[in-house]
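Colleague: model this:
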Amino acid sequence: MPRRVVRRPRTDKSVLLPPETVVALRAELARVADAVVDQIIREVPPYEDAFSGPMGETIRGAVQVALGGFLSLISDSRGPDAMAPRASAVDGAYQLGRGEVRSGRTADALLSAYRIGARVSWRHLSAKAVEQGIDPATMASFAELVFAYIDELSAASVAGHRDESASEGRIRQRMVERLARHLLAGAPEATVLASAERAEWTPPSTLTAVLVAESQAGALLQVLRRGTLLTTDLPDLDGAALLMVPDAHGRRRASVLRAVRGRDAWVGPARPWVEVRESYDRAVRARALGLTGDTEAHLPRLVLTADPRALADLRARVLAPLDELRPAAAAKLRETLRAWLLHQGRREEVAATLFVHPQTVRYRMTQIRDLYGDRLEDPDTVLALTIALGVEEVSG
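Modeller: Next up is the predicted model:
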């Protein structure tokens, strides 16, 4: 943790308050602390519950200690030794900032509380100082010291809040990445549940894998559903980031697709959250094939290329009757047979698809029947031909 620089307010002896005034001010500290806490509760909603019960008493005590340290500072002329109470108060403020992160409150809420504390404290302390007959010049210097002191405490609290947030963020990110590895490795459900608990992540019904360039992951994370997991620590990613979006199934999928529009992204299918590996694998395959966007829009290509060697064997076997033809002639017959299968033999539609005359279709189909014979009536052969020729359709 970087060393904190403690700024020391000016302690000119000309602004030291008389001992009797300090005594009178100290007598007010309990009342001031009560007023500060009550006002913060009214004006800063995140603190409404925090100050109830024992915690409220603890905060009241902390306010008294902080203000008491200030009074010690301005009433003591011993030089460096007088810094001890203030150093303790600054350290306490730093720890308070760290604790606010663990309590789930923001730095904005903390600063609001300090602003209110400064205003209320000054109102009460200045009124008592006036009662004690403090002259205007000393009062102005007193005001300067009060606000400088509280600014110092608030800066220490913000530093504590920032340091704890950074530390907590790093720890949580490690927990999230461990959870992601467990999910993708197919770890036992008990292991995954324990990992989710450590990451303070509530399991959803489904998860959808989204791959995106690492440089765009942060911006995309801001617009996706709360609870989205982000990791870049996977060997298959190669410069991409993986986001696992909770409950983006059904109609909610459209919002994910809108979020990735205009980006190089790959969106897998929604799967039960412990089976998100299936969604991730599909997104990775789509990326490897040069497809982008919604993998659901590329299902034929993904299915037909799921086993490239098996597909190559199928094509070689079922298209073997065309091997003896010249390449150009074989290509025309494959094109005609594919259109014939897809249009279920409707010659006019086949001709329109190929931009040829129906008579040309008749002639080519006669050649094909001569090559295949009765096999064109066999359902298994028709299925094999549809698959073998279909890959050319989805690739085109």
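
Colleague: got the contact list for residue 257?
Modeller: 267, 293-294 (CB atoms under 8 Å, 6 or more residues apart in numbering). In this view, the C-beta of every residue, glycine as well, is placed from N, C-alpha and C.

Colleague: Wait, a helix at it?
Modeller: Yes: the assignment for residue 257 is a helix, going by DSSP: H, G, I helix; E, B strand; the rest coil.

Colleague: Okay, strands next: where are they in the stretch 151-300 of the chain?
Modeller: 206-213, 229-231, 240-246, 265-272, 293-294 (DSSP state E, counting those that start in this stretch).

Colleague: Packing partners of the last one?
Modeller: When you say that, I think you mean strand 293-294. helix 253-260, strand 265-272 (3 or more CB pairs under 8 Å, 6 or more residues apart in numbering; DSSP states H and E).

Colleague: do the same with the fourth one
Modeller: Here strand 265-272 is seen to pack against strand 206-213, helix 253-260, helix 276-288, strand 293-294 when contacts are counted using 3+ CB pairs under 8 Å, 6+ apart.

Colleague: Which residues belonging to the third one are considered buried?
Modeller: Buried residues in helix 276-288, counting neighbours by 16 or more other CB atoms under 10 Å, are found at 276-277, 279-280, 282-287.

Colleague: So which of these is the closest to residue 63?
Modeller: residue 276 (48.5 Å; CB to CB).

Colleague: Apart from its neighbours in sequence, what residue is nearest that closest one?
Modeller: Computed as CB to CB, 6 or more residues apart in numbering, the closest residue to residue 276 that is not its neighbour in sequence is residue 207, at 4.0 Å.

Colleague: residue contacts, that neighbour?
Modeller: Taking CB under 8 Å, 6+ apart as the test, what residue 207 contacts is 183, 229, 244-246, 270-273, 276, 279.

Colleague: Repeat that for residue 335.
Modeller: Residue 335 touches residue 354, counting by CB under 8 Å, 6+ apart.

Colleague: Kindly recompute the last result at 6 Å.
Modeller: Shown in contact with residue 335 (CB atoms under 6 Å, 6 or more residues apart in numbering): no residues.

Colleague: host element of it?
Modeller: helix 327-342 (DSSP states H and E).

Colleague: Please compute how far that helix lies from its chain's middle.
Modeller: 50 Å (CA atoms, centre = their mean, to the nearest Å).

Colleague: and if you look at stretch 199-214?
Modeller: With CA atoms, centre = their mean, you get 9 Å for stretch 199-214.

Colleague: Span of it from start to end?
Modeller: From its first residue to its last, stretch 199-214 covers 22 Å (CA to CA, to the nearest Å).

Colleague: So for it, what gets flagged as buried?
Modeller: Those would be 199, 201, 203-204, 206-212, for stretch 199-214 by 16+ other CB under 10 Å.

Colleague: Kindly report the same for stretch 336-344.
Modeller: 336-343.

Colleague: and which of the residues you listed is nearest residue 236?
Modeller: residue 338 (33.9 Å).

Colleague: circling back: neighbour-wise, which of the contacts of residue 257 leads?
Modeller: Within the contacts of residue 257, residue 267 tops the neighbour count with 28 neighbours, counted by other CB atoms under 10 Å.

Colleague: Let me know whether it touches residue 209 as I believe.
Modeller: No: under the criterion of CB atoms under 6 Å, residue 267 makes no contact with residue 209, lying 7.7 Å away.
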